[in-house]
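A.B. asks: build me a model from this:
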Amino acid sequence: MPLFLSLTPRAKAWDKFKQYIRTGPRESETVSIQDAVGRILAEDIVSPVDLPGFARSTKDGYAVPASSTFGASQGLPALLALRGRIRMGEPATMSLGPHECAAIATGGMMPEGADAVVMVEMCEVMDDNTIAVTHSVAPGENVVGAKEDIASGTLILPVGRRLRPSDIAGLAAMGGAEVKVAVGPRVAVISTGDELVGISDSPHPGQVRDMNAYSLYSAVKAIGGRPKLWGIVRDEYTAMQEIMAKAHGESDMVIVSGGSSIGERDFTRDAIQALGDPGVLIHGVAIKPGKPTVLAVAQGKPVFGLPGHPMSCLVVFNLFVAPAIARWMGTTLDRRTTQARLSANVASIAGREDYVSVKLRRENGEIWADPVFSKSATISGLIYADGVMRIPEDVEGVEKGRWISVMLF
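C.D. replies: Down below sits the predicted model:
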């Protein structure tokens, strides 16, 4: 009977495990930028052009030689000859000399001889050919230079970046219609347990529907992986090992929920060990919930044994599986967190990390976190909660009113 000889601290367990996961991206594909938002870049993006490519105005006003406005004031304005108007989207073909100006709109191309723009509210129209400037401007004021935004050859988006809408705008500005992005790993999701039935079945007394498979499937898909459900395997070693071996051969990672504890019918560890070297690296992590976690690598592929209880299962997924998938794709996990005040005392035992479900609410301009004191075997702690708070292993509880960090679901 395998025993927890010791419980490995979470950070130490991850450091040991991640050494066996080569940083990606392992696979990539080329997609249009319309389909690239949220995807992980598989290559560095270097600008092939200068942006904006020409000096342009950032204000509505008049393009001027800045030196022609020096000393201008309300009492003694600088009088400039109006040479014409520069229209949006057209090249500036004129050239300005001293004490000359041209009307220009925001985004318009700066004409030769002009190095600044006087805002329209700082000017008075004297007649059709003369403008009075009442405030001086410095060279470069209200102007973006031809290379000032992005110079050709500049690294603007590094490999591993999760593309945002603003990044797509940058790609479009450079004329990039397509981009190479990482393809997520193929992840097998296996459920074990004699008590499990399919979600369309009516459970008999003592049975429950297989909820973990669908939460894990969704969690893998949400971060870019390619999940596949392999169904329910009974608590019988030969059947379990046969399914695991087949799933392992067709996948890049394997997740097994249930059977990772130390009961007489918990065969997950042995079946994982049989998949190949180096085998099980960690069995037992100093966290609650999620103590009976198995972290293994078989023939270069990560294999996870997750607890069967719903809360434990997803906590361990977020702590180990999610960052492993991100590393496989060549990026790091971007966890969404928020700060909140704790509305009740939460007890903890030193020597382990505790993860407690919380529900957020706003009161008197502050965000409060209400602990959801549910057992790991229940689903209510996930449905009613907005996230989890982490209690470090060297802390014995957190007092009401303290500010905490909440990792959002």
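A.B. asks: quick check: Val256 touching Pro307?
C.D. replies: No: counting by C-beta atoms under 8 Å, Val256 stays clear of Pro307, with 10.5 Å between them. For the C-beta atoms, the positions are set from N, CA and C on the backbone; glycine is no exception.
A.B. asks: so which of these two has more stuff around it?
C.D. replies: The residue with more neighbours, out of Val256 and Pro307, is Val256; 29 against 26, by other C-beta atoms under 10 Å.
A.B. asks: give me the below-cutoff pLDDT ranges for this structure.
C.D. replies: 1-5, 260-266, 375-378 (pLDDT under 70).
A.B. asks: nearest residue to the spatially most central residue of it in space, please, no chain neighbours.
C.D. replies: Nearest to the geometric centre of the chain sits Asp334, at 3.8 Å (C-alpha atoms, centre = their mean). Spatial nearest neighbour of Asp334, chain neighbours left out: Arg162 (6.5 Å); criterion: C-beta to C-beta, 6 or more residues apart in numbering.
A.B. asks: can you pull up the bridge partners for that neighbour?
C.D. replies: Ile40 (DSSP bridges).
A.B. asks: give me phi/psi at the spatially most distant residue from the centre of the chain?
C.D. replies: Distance from the centre of the chain peaks at Asp127, with 56.8 Å (C-alpha atoms, centre = their mean). The phi and psi values for Asp127, taken as degrees, to the nearest 10, are phi -160, psi -170.
A.B. asks: tell me the domain boundaries of this structure?
C.D. replies: Domain ranges of the chain: 10-26+184-329, 27-51+150-182, 56-144, 337-408, per automatic domain parsing.
A.B. asks: most tightly surrounded among those domains?
C.D. replies: Mean neighbour count (mean count of other C-beta atoms under 10 Å) peaks for domain 10-26+184-329 among those, with a mean of 20.
A.B. asks: ends of that domain, how far apart?
C.D. replies: 22 Å (C-alpha to C-alpha, to the nearest Å).
A.B. asks: how far out from the middle of the chain is it?
C.D. replies: Relative to its parent chain, domain 10-26+184-329 has a centroid offset of 23 Å by C-alpha atoms, centre = their mean, to the nearest Å.
A.B. asks: next: stretch 180-192.
C.D. replies: On C-alpha atoms, centre = their mean, the centre of stretch 180-192 falls 17 Å from that of its chain.
A.B. asks: again, but for stretch 42-59
C.D. replies: 25 Å.
A.B. asks: for that stretch, measure first residue to last.
C.D. replies: Stretch 42-59: ends 38 Å apart by C-alpha to C-alpha.
A.B. asks: next: stretch 60-73.
C.D. replies: 20 Å.
A.B. asks: quick thing: my sequence starts at 596, can you match it?
C.D. replies: Fine by me, first position is 596 from now on; the one you just mentioned is stretch 655-668.
A.B. asks: tell me where the stretch 796-945 of the chain has helices.
C.D. replies: For the stretch 796-945 of the chain, the helices defined by DSSP state H, counting those that start in this stretch occupy 806-817, 832-845, 863-868, 905-911, 917-924.
A.B. asks: so which of those helices comes closest to Ala777?
C.D. replies: Closest approach to Ala777 among those is made by helix 917-924 (4.2 Å; C-beta to C-beta).
A.B. asks: so the residue nearest to Asp929 is in contact with Ala631, correct?
C.D. replies: No: applying C-beta under 8 Å, one finds Arg757 not in contact with Ala631, separated by 10.2 Å.
A.B. asks: the nearest residue to Thr926 once chain neighbours are set aside and Gly771, how far apart?
C.D. replies: Closest residue to Thr926 apart from its sequence neighbours, by C-beta to C-beta, 6+ apart: Gly755 at 4.1 Å. Counting by C-beta to C-beta, to the nearest Å, the gap from Gly755 to Gly771 is 18 Å.
A.B. asks: longest strand anywhere in the protein?
C.D. replies: In the chain, with assignment by DSSP state E, the single longest strand is strand 948-958.
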